[in-house]
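Q: Everything below, folded, please.
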Amino acid sequence: MGLRFDTRRSDSPWVDTVWTCTSGRTTAMTSVAGVRWGLVFWARDGRAYAAVTGPETSTGTAPVPEGAAFTGIEFALGTSLRAVPTPALVDGGVELPDTTRRMFRLDGTRWETPGPDDAEALVARLVRAGAVVRDPLVAGVLRGERPAVSDRTVERRFRAATGLTRGAVRQIERARTAAELLAAGERAADVVAKLGYFDEPHLARALRSYVGRTARQLREGSGGAIALDLDQRRTS
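A: Numbering: from 1, shown residues only. This is a model prediction of the structure:
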């Protein structure tokens, strides 16, 4: 057994998704580019761990502890931690200290370690305490609003909040959507037309850079463990 994911969308405006994962004998997985930061909690051999994860700008290979159970919270784009600027988390992360099965430390305070059903309650407490914040200008831009400031100001604020440019966000999100569509059985030519790629080689380059899989591998479900919950798209 490799990785078994279960992902759900959140109704919190501060949270994008909540996920759980269990690892079997897999010791490595293909990491996938992503635009959001998150919190992840895991337990293995009776010990508990917690970390802040950052946006990732490319695919790669990541180690996976064998026999571990994970709970993760992916925060909405444009939110950030008061204590750690999101640009400092890009292509990295921070393991949190003093973690037990019941508590973890973040922003100088101890918080109760959540399960997947408690994620939104934890985030609401973090927001009330000011540990998780959001730039209203960036939130407005993400809703499609046009703020009364220069494009340069918007780009600077967007990058400060997300760690990425708006162009990078669009490219990464499009590649992830393409991977999900291909895993659900769509043909590469249809994905090219639906998502606005120039041609199939253009799609192939994006998948290679951001997902680490070919279109054929995604359609066949081959290539080994990957940090995407693609089973939902195959069965939906």
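Q: Okay, now stretch 96-112: how far is its last residue from its first?
A: 13 Å (CA to CA, to the nearest Å).
Q: Would you indicate which residues of that stretch are buried?
A: 96, 99, 104, 106, 111 (16 or more other CB atoms under 10 Å). The way it works is simple: take the backbone N, C-alpha and C, and place the C-beta from them, glycine included.
Q: In what element of secondary structure is Lys194 found?
A: Remark: Lys194 resides in helix 188-195, with elements defined by DSSP states H and E.
Q: which residues pair with the spatially closest residue to Ala62 that is not a sequence neighbour across the strands?
A: Spatially, and ignoring its direct neighbours in sequence, Ala62 is nearest to Ser31 (4.3 Å; CB to CB, 6 or more residues apart in numbering). Note on Ser31: beta-bridge partners Gly60, judged by DSSP bridges.
Q: what's the neighbour count on Ser31?
A: 19 (other CB atoms under 10 Å).
Q: Same question for Thr214.
A: Around Thr214 there are 17 residues (other CB under 10 Å).
Q: repeat for Arg128
A: 9.
Q: One more: Gly115?
A: 12.
Q: again with the one 4 residues further on
A: Counted by other CB under 10 Å, the residues lying close to Ala119 total 23.
Q: go on, Glu173?
A: 17.
Q: Flag every buried residue along the helix ranked longest in the chain.
A: Under DSSP state H, the helix in the chain containing the largest number of residues is helix 166-183. Within helix 166-183, the residues that count as buried by 16+ other CB under 10 Å are 166, 168-169, 171-176, 178-183.
Q: Contact partners for the residue nearest to Ala62?
A: 56, 59-62, 212, 227 (CB atoms under 8 Å, 6 or more residues apart in numbering).
Q: Does Arg166 touch Phe158 like I think?
A: Yes: with contacts counted by CB atoms under 8 Å, Arg166 reaches Phe158, the gap being 5.7 Å.
Q: and the most far-flung residue of the chain relative to its centre, which of the three is it?
A: The centre of the chain is farthest from one residue, Ala148, which by CA atoms, centre = their mean lies 30.2 Å away. Under the three-state scheme (DSSP: H, G, I helix; E, B strand; the rest coil), the conformation of Ala148 reads as coil.
Q: hmm, which two among the contacts of Ser31 are most spread apart?
A: With CB to CB as the measure, no two of the contacts of Ser31 lie farther apart than Glu56 and Thr61, at 12.1 Å.
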